[in-house]
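*Asks:* Quick one: sequence plus predicted model below, questions after.
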Amino acid sequence: MNNHLSHSHLLKQFSYINGRWHSNSSLGELAITNPANGELIAKVANAGANEACLAVESAKEAYREWSKVPAGQRSLLLRKWFDLMMSHQEALGQLLTLEQGKPLSEAKGEIAYGASFIEWFAEEAKRVYGDTIPAPSADKRLVVIKQAVGVVTAITPWNFPNAMIARKAAAALAAGCTFVVKPAAQTPLSALAMAELADQAGIPAGVFNVVVGTDHESIGKVLTQHPAVAKFTFTGSTAVGKKLISQCAESVKKVSMELGGNAPFIVFEDADLDAAVAGAIASKYRNAGQTCVCTNRILVQQSVADSFTQKYVNAVRQLKMGDGFNSHVNIGPMISQEACDGVHQLVETSIEMGAKLLMGGENNHSGFYPPTVLTAVSNDMPIARSEIFGPVSPIIQFDTEERAVAIANDTEYGLAAYFYARDIGRIWRVSEALEFGMVGINEGIISNAAAPFGGMKASGSGREGSKYGLDDYLEIKYLCMGGI
Ligand SMILES: NC(=O)c1ccc[n+]([C@@H]2O[C@H](COP(=O)([O-])OP(=O)(O)OC[C@H]3O[C@@H](n4cnc5c(N)ncnc54)[C@H](O)[C@@H]3O)[C@@H](O)[C@H]2O)c1
Ligand SMILES: O=C[C@H](O)CS(=O)(=O)O
């Protein structure tokens, strides 16, 4: 067993359904490997549609009681889950680095980030308020109450195998819903460890369920179409999100989507260039560039382009690439060699179209892709049109503020955007003109549980976290009392 699995009590190898570890899967096992070296970490029983149906039916049964549990008691159980996540932060972080590859410091940061949503919604659970409305006539009383939507199903990605689940499950459970999630088959161990800690926290059987399987089509059909499912929530690529939305249409499921991004990072001539460099590095190279809110295009005003580019390249050269368990490493492996190949294809095609390579750009088939900087990029090049999802910085120059906003908005996506400027008029004009759900102003890291996370256009719908995050898991019911 890998020496980072010393906390093997958190290493679970079966789907967690109705409070039980579900060993009798007829579909064999899936091998979970370390993306840094290809080593086998563990094998997990491969569940399928049958297990997904069992999980949904268990969640439906559990909903009858869970939705009636007083909010204060749900809050205490979520708080206990939060406490357990944080007291196991090191073990959960090691498991996450093993299966996903990010540097251990980032992995432990993700555990704290995921846990912060459980803490946040443990508190929000107690603040689901209704309304009384002045009636149009003396014989009526108008009241609004809010109720849990019911069984919630979810599908989540590999890049944040803890936090993307916590961000959904915490809100769902706080609202009184029950929850079934299919994590990415590349990174199920973090989800199963979360289930173990939910069990230890005393969260009742059937309330939180994890179904692990490679047949995501069959499992997905159950999670999007089973009649007992009230709401489906997805975090992943836009292409898959579109397919899953269509699968929900027939039974008119409530849907929330956290999809792809193409974040512009605009550096204006009045920016603090050193701060802009630090912000761009933080936003671009987190998780080796494999986050939905990573800077995807760096737009620099011509008058400061040379100065910024030199500073930026010098800073990128300080980044260390290697195994995430090496404490000096900032850039871990990509999730797969196929992911490296996809990123390299974008780099090569854009260079053929005129982009200039300033550093990096080698694909040595090691599962790692080096920090790379391209300049002389135009917004029509593949490296600018696509969500890179890798450690590549394309630099695009612009002349005017209006042109910068036009380039920034010239994408199907609308998740996160960033810009550095100090003129207050510019800050307001650009903030209001950018077509993105979240805007970092003189800041490259903007995600936290108190803020509404989400996007517009092809980046999806709905918000996760914040005081808005419960809305997606609640039905608003209007009561009209007559004959008073
Ligand atoms: N907006 C956000 O909050 C957010 C957060 C993280 C990742 N993402 C996006 O996710 C993408 C990267 O993650 P990924 O590669 O895991 O995305 P992906 O869409 O390929 O996979 C996401 C999940 O969907 C499942 N899936 C894939 N095809 C399916 C199908 N036909 N039916 C049912 N399930 C299916 C996968 O098994 C996985 O669990 C990027 O586009 C990134 O921007 C967005
Ligand atoms: O990759 C998508 C995540 O939502 C990014 S963040 O950790 O929430 O900023």
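*Replies:* On my side now, so go ahead. Numbering: from 1, shown residues only. Ligands and ions are numbered 1, 2, ... in the order given.
*Asks:* ok, how many other residues are close to the closest residue in space to Q345 that isn't next to it in sequence?
*Replies:* Spatial nearest neighbour of Q345, excluding adjacent residues (Cβ to Cβ, 6 or more residues apart in numbering): P382 at 7.8 Å. In this view, the C-beta of every residue, glycine as well, is placed from N, C-alpha and C. Applying other Cβ atoms under 10 Å, we find 17 residues neighbouring P382.
*Asks:* Over to Y129?
*Replies:* 8.
*Asks:* quick one, phi psi at the closest residue to it other than its chain neighbours?
*Replies:* Spatial nearest neighbour of Y129, excluding adjacent residues (Cβ to Cβ, 6+ apart): K146 at 7.5 Å. The phi/psi pair for K146 (degrees, to the nearest 10) reads phi -120, psi 140.
*Asks:* which ones are touching K146?
*Replies:* V128, Y129, G130, L474, E475, I476, K477 (Cβ atoms under 8 Å, 6 or more residues apart in numbering).
*Asks:* Now the buried members of those residues.
*Replies:* The neighbour count (16 or more other Cβ atoms under 10 Å) marks V128, L474 as buried among the contacts of K146.
*Asks:* Which two of the contacts of K146 have the greatest separation?
*Replies:* Greatest spacing in the contacts of K146, by Cβ to Cβ: Y129 and E475 (14.3 Å).
*Asks:* Please list the members of the contacts of K146 that lie in strands.
*Replies:* Members of the contacts of K146 lying in strands (criterion: DSSP state E): L474, E475, I476, K477.
*Asks:* helix or strand for the residue lying closest to the last one once chain neighbours are set aside, which one?
*Replies:* Spelled out, it's K477. Leaving aside its sequence neighbours, K477 sits nearest to I145 (Cβ to Cβ, 6+ apart; 5.1 Å). Here I145 sits within strand 141-148, counting by DSSP states H and E.
*Asks:* returning to what we had before: tabulate the ones in strands among the contacts of K146 (CSV), appending distance to ligand 2 and pLDDT.
*Replies:* Output for those, formatted as CSV (distance: Cβ to the nearest ligand atom, whole Å; pLDDT from 0 to 100):
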residue, distance to ligand 2, pLDDT
L474, 22, 98
E475, 26, 98
I476, 27, 98
K477, 31, 98
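*Asks:* Mind putting those residues into JSON lines with distance to A154?
*Replies:* What follows is the ones in strands among the contacts of K146, written out as JSON lines (distance: Cβ to Cβ, whole Å):
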{"residue": "L474", "distance to A154": "16"}
{"residue": "E475", "distance to A154": "18"}
{"residue": "I476", "distance to A154": "22"}
{"residue": "K477", "distance to A154": "24"}
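*Asks:* For the stretch 251-400 of the chain, which residues are neighbours of ligand 1?
*Replies:* Residues of the stretch 251-400 of the chain lying close to ligand 1 (Cβ under 6 Å from any ligand atom) are E258, L259, G260, G261, C292, E387, F389.
*Asks:* Which one (most neighbours) among those residues?
*Replies:* Ranking these using other Cβ under 10 Å puts C292 first, with 30 neighbours.
*Asks:* Just give the closest residue to it, not the sequence neighbours.
*Replies:* Closest to C292 by Cβ to Cβ, 6+ apart is G261, at 4.5 Å.
*Asks:* try I203
*Replies:* That would be L77: by Cβ to Cβ, 6+ apart, it lies 5.4 Å from I203.
*Asks:* okay, now the residue lying closest to A451 once chain neighbours are set aside: neighbour count?
*Replies:* Distance criterion Cβ to Cβ, 6+ apart; nearest residue to A451, sequence neighbours excluded, is S466 at 5.5 Å. Around S466 sit 19 other residues, with neighbours defined as other Cβ under 10 Å.
*Asks:* pLDDT value on S466, please?
*Replies:* The model reports S466 with a pLDDT of 98.
*Asks:* which residues does it contact?
*Replies:* Counting by Cβ under 8 Å, 6+ apart, S466 has contacts A449, A450, A451, P452, F453.
*Asks:* returning to that earlier point: what about the host helix or strand of the residue nearest to I203, distance to the chain center?
*Replies:* Using DSSP H and E, L77 maps to helix 71-87. Between the centre of helix 71-87 and the centre of its chain there are 21 Å (Cα atoms, centre = their mean, to the nearest Å).
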